[in-house]
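Engineer: Provide a 3D model corresponding to the input given below.
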Amino acid sequence: MEFEFKDKYTTEDLVQIVRILRSPEGCPWDKVQTHRSIRKDFIEEVYEAIDAIDADDKEHLREELGDVLLQVVFHCVLAEEEKNFDLDDVADEICKKMIIRHPHVFGDVNAETTDEVLKNWDEIKMKTHSQKKTSEAMDSVSKTLPSLMRAGKLQKKARRCGVGPVDTDAALENVRNAFNEFEKSVSSENKEEKSIAMGKLLFSIVNLSEFTGTDCEESLYNTCEEFTEQFKAFEKATAQEGIDIQDPDTKVTDQLWINITKEKLEES
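Structural biologist: Take a look at the predicted model:
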């Protein structure tokens, strides 16, 4: 295949590059890939783009969005080869979807608040997917989502049918009950029983987060980041005191962790 080198390339050029890579004269690796074989690559590229967003690194974000776009184009070229669809078909479908789901912008529907927009969005989504039952909408929530995120989406759909706690107090009471149930299961030797109780506890916490205006996935992410920073300070402080925490014979007490963590918080 012929290819024109340029100073500035476009999305169409990217499609052409992938087609060349997939051609008989192309790359040995690219030629043998399938939708399933590069599935994991797609996931990894999206997470790397998220990392760039969290770091507020615009240059890195531009690069990572390019990697995500490559994945989209690659899947479109694979589908094109199978005579299923191409990139233009994908663009056409998402354009039509956005127009249909924003009748307050492209139509005569009124939606003054974010809540009204989301309510309309869900109703239109169910209608376009021919979903008559909320359970059908629940089935459409991706099972590959992080479980905390998936739980939140399922609960929002259930609440629109009046299922679930009605306020913060009710949600908090559900957490207490779930915790009591889990606490009882701890003494059990039945691992499945403990797993079920833990799942219910986490599910109830996700429900509570909605009423407190927080997001469990984001909250846990931030706590992980904070814990990592605290542990770095802990390593530095113990090293200064001549304590080798890598030594299996070293007894790291809870009090030592508490003291060093407290000092870090006071410094900040």
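Engineer: which ones are touching Ser140?
Structural biologist: Listed by Cβ atoms under 8 Å, 6 or more residues apart in numbering, the contact set of Ser140 reads 129, 131. Where C-beta positions appear, they are placed from N, C-alpha and C, glycine not excepted.
Engineer: dump the residue contacts of the residue nearest to Glu48 when sequence neighbours are not counted.
Structural biologist: In this structure, Glu48 finds its nearest non-sequential neighbour in Glu64, 4.8 Å apart by Cβ to Cβ, 6 or more residues apart in numbering. Applying Cβ under 8 Å, 6+ apart to Glu64 gives the contacts 45, 48-49, 51-52.
Engineer: What count of nearby residues applies to Leu207?
Structural biologist: Careful, residue 207 is Asn; it's not Leu. Asn207 is flanked by 25 other residues according to other Cβ atoms under 10 Å.
Engineer: these two touch, right, it and Asn177?
Structural biologist: No. Counting by Cβ atoms under 8 Å, Asn207 sits too far from Asn177 to count as a contact (11.8 Å).
Engineer: Count the neighbours of Gly26 for me.
Structural biologist: 15.
Engineer: what helix or strand is the closest residue to it other than its chain neighbours on?
Structural biologist: Excluding the flanking residues, the one nearest Gly26 by Cβ to Cβ, 6+ apart is Ile20, at 5.6 Å. Using DSSP states H and E, Ile20 sits in helix 11-22.
Engineer: what's that helix packed up against?
Structural biologist: helix 28-31, helix 58-81 (3 or more Cβ pairs under 8 Å, 6 or more residues apart in numbering; DSSP states H and E).
Engineer: State the number of residues packed around the closest residue to Leu220 other than its chain neighbours.
Structural biologist: With Cβ to Cβ, 6+ apart as the criterion, Leu220 has its nearest non-adjacent residue at 6.8 Å, and that residue is Leu148. Neighbourhood size, Leu148 [other Cβ under 10 Å]: 19.
Engineer: isn't Leu69 right up against Ile17?
Structural biologist: No. When contacts are counted by Cβ under 8 Å, Leu69 is not listed as touching Ile17 (11.6 Å).
Engineer: higher neighbour count, these two?
Structural biologist: Ile17 (18 against 14).
Engineer: Relative to Cys216, how far out is that one?
Structural biologist: Applying Cβ to Cβ, to the nearest Å, the value for Ile17 to Cys216 is 40 Å.
Engineer: do the same with Leu70
Structural biologist: 31 Å.
Engineer: Between these two, which is the more surrounded one?
Structural biologist: Set side by side, Leu70 and Cys216 show more neighbours around Cys216, with 20 against 17, by other Cβ under 10 Å.
Engineer: Tell me the secondary structure at the residue nearest to Leu220.
Structural biologist: Recorded secondary structure, Leu148: helix (DSSP: H, G, I helix; E, B strand; the rest coil).
Engineer: swap in Val163?
Structural biologist: With three-state DSSP as the criterion, Val163 reads coil.
Engineer: let's have the chain start at 47 instead
Structural biologist: Done: numbering now begins at 47, and the last item shifts to Val209.
Engineer: tell me the pLDDT at His150?
Structural biologist: For His150, the model assigns a pLDDT of 89.
Engineer: follow-up on the earlier one: can I assume the residue nearest to Leu266 is in contact with Thr260?
Structural biologist: No. Using Cβ under 8 Å, Leu194 is not in contact with Thr260; the gap is 11.4 Å.
Engineer: Redo the helices and strands packed on helix 57-68 as JSON lines? Include distance to Leu247 and mean pLDDT.
Structural biologist: Compiled in JSON lines, the helices and strands packed on helix 57-68 are given as follows (distance: least, Cβ to Cβ, whole Å; pLDDT from 0 to 100):
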{"stretch": "helix 74-77", "distance to Leu247": "45", "mean pLDDT": "96"}
{"stretch": "helix 104-127", "distance to Leu247": "35", "mean pLDDT": "97"}
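Engineer: okay, these, which one's buried deepest?
Structural biologist: The highest mean neighbour count among those, using mean count of other Cβ atoms under 10 Å, belongs to helix 104-127: a mean of 16.
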